[in-house]
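K.L.:
3D model of this:
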Amino acid sequence: MSLAKIPTTIITGFLGAGKTTLIRHMLENANGRRIALIINEFGDVGVDGEVLKGCGDALCKEEDVIELANGCICCTVADDFVPTMRKLLDRTKPIDHIVIETSGLALPQPLVRAFNWPEIAARVTVDGVVAVVDAKAIADDRYADDEATIQAMRQADPKLEHENPIEELFEDQLNCADMVILNKIDLLDNEETLDVTADIEGQIRKGTRILLSEYGKLDICAVLGLGSAAEEDVGNRPSHHEMEGEEQHDHDDFISFTVALPDVKDRETLLKRITNVIADSTILRLKGFANIIGSSSRLLIQAVGPRMNSYFDRPWKNGEDRVTRLVVIGVKGMDQQAITAALQG
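P.N.:
Modelled structure (predicted):
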């Protein structure tokens with residue numbers, strides 16, 4: 001790996017594993033290192049980018065946070081990734097490190113390959129691929145096949161194979177990783193932590209490191225500076241489809257949509273409504289911002305499966321539209337109209 005190249009860390013992981021929380025902690029402990037961020041979200045509300053921009057102007061300058069919304073960077077490399085990298089690299093003020101947060105539905109392998117494009121390869125290298133894993137979800141067997149859900153998905157899409165697409169995605173992210181971060185271990189006891197660690201050890205490539213984390217709080221030196229030059233080793237990181245002899249990755253198994261809500265009179269009523277909707281549907285992830293009447297700050301809402309977190313992340317800015325919008329991500333075939341109606345009350 002040439003020392004002249006700018007190192008880039010790709011942070012992948014399933015929906016709600018804690019990627020954004022990890023990155024925010026990294027920024028808050030960058031020790032003067034200038035880090036540029038590329039945030040790729042599935043859905044048309046830039047929640048993750050907004051969360052990172054809210055961590056303070058000194059840490060997250062507007063020009064250092066680039067959002068690629070409503071798509072998957074692994075499917076739009078030529079159209080989105082390469083032009084974005086070119087803009088970063090051509091800046092007059094040098095960047096010390098680039099961090100790419102992929103969508104929770106993205107395959108890391110095509111993105112790693114993109115670093116072999118001639119204009120990128122000469123100036124940037126993949127320092128490492130970091131997969132963030134929700135340890136509690138693994139302990140709860142979250143990705144095991146559910147016959148009822150699979151049957152519903154088959155009815156919605158007769159071409160669907162028997163494999164669970166969520167498991168395939170998880171397999172791809174682990175197989176490409178140089179490091180796996182088992183996040184949210186504060187939700188596990190010691191025995192569960194050992195079991196989950198052993199489970200993940202059985203699924204990763206030889207030499208991949210595993211770190212345990214609570215709220216993404218890790219020494220930045222442990223995450224950056226891996227020096228893996230992953231773009232030179234992409235052949236040893238095959239995706240599920242490549243191992244099956246297929247060439248493409250299809251996002252038709254997942255859909256996302258945005259729900260606009262009126263201003264919220266009562267925070268707890270809204271959160272209870274969201275909890276009930278998630279329990280009765282095939283929603284994988286829900287995130288967004290809410291305008292609570294009487295509050296000068298916006299409410300950030302993050303939900304993964306049955307777990308939900310909400311807090312006021314920052315005051316509304318002058319001139320900013322105080323709106324309530326939620327991004328819903330789930331499996332193909334879920335009832336969008338029913339979910340929208342339930343969220344709107």
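K.L.:
now do the contacts for the residue nearest to Arg123 when sequence neighbours are not counted.
P.N.:
Counting by C-beta to C-beta, 6 or more residues apart in numbering, Leu89 is the residue found nearest to Arg123 once chain neighbours are left out, at 5.4 Å. Where you see a C-beta, it was placed from the backbone N, CA and C, and this is true even at glycine. If you count contacts by C-beta atoms under 8 Å, 6 or more residues apart in numbering, Leu89 has them with Ile6, Ile95, Arg123, Val124.
K.L.:
for the third one, give me its contacts.
P.N.:
When contacts are counted by C-beta under 8 Å, 6+ apart, Arg123 is found next to Ala4, Lys5, Ile6, Leu89.
K.L.:
top of the contacts of Leu89 by number of neighbours, please.
P.N.:
Among the contacts of Leu89, Val124 has the most neighbours (other C-beta atoms under 10 Å), with 21 neighbours.
K.L.:
for stretch 188-196, which positions count as buried?
P.N.:
Of the residues in stretch 188-196, Leu188, Glu192, Thr193, Val196 count as buried by neighbour count, 16 or more other C-beta atoms under 10 Å.
K.L.:
what about that stretch, distance to the chain center?
P.N.:
The chain centroid and the centroid of stretch 188-196 are separated by 24 Å under C-alpha atoms, centre = their mean, to the nearest Å.
K.L.:
again, but for stretch 267-285
P.N.:
Worked out by C-alpha atoms, centre = their mean, stretch 267-285 lies 20 Å from the chain centre.
K.L.:
what do you get for stretch 206-213?
P.N.:
18 Å.
K.L.:
what about that stretch, start to end distance?
P.N.:
End-to-end distance for stretch 206-213: 21 Å, by C-alpha to C-alpha, to the nearest Å.
K.L.:
now that stretch: mean pLDDT?
P.N.:
The average pLDDT for stretch 206-213 rounds to 93.
K.L.:
and Asp189, what does it touch?
P.N.:
Applying C-beta under 8 Å, 6+ apart, no residues contact Asp189.
K.L.:
and if we set it to 10 Å?
P.N.:
Asp189 is in contact with Ala139, Asp195, counting by C-beta atoms under 10 Å, 6 or more residues apart in numbering.
K.L.:
kindly report the same for Ala177.
P.N.:
Going by C-beta under 10 Å, 6+ apart, Ala177 touches 10-13, 108, 128-133, 200, 204-205, 208-210, 228, 230, 237.
K.L.:
what about burial for those, which qualify?
P.N.:
10-13, 108, 128-133, 200, 204, 208, 210, 228, 230, 237.
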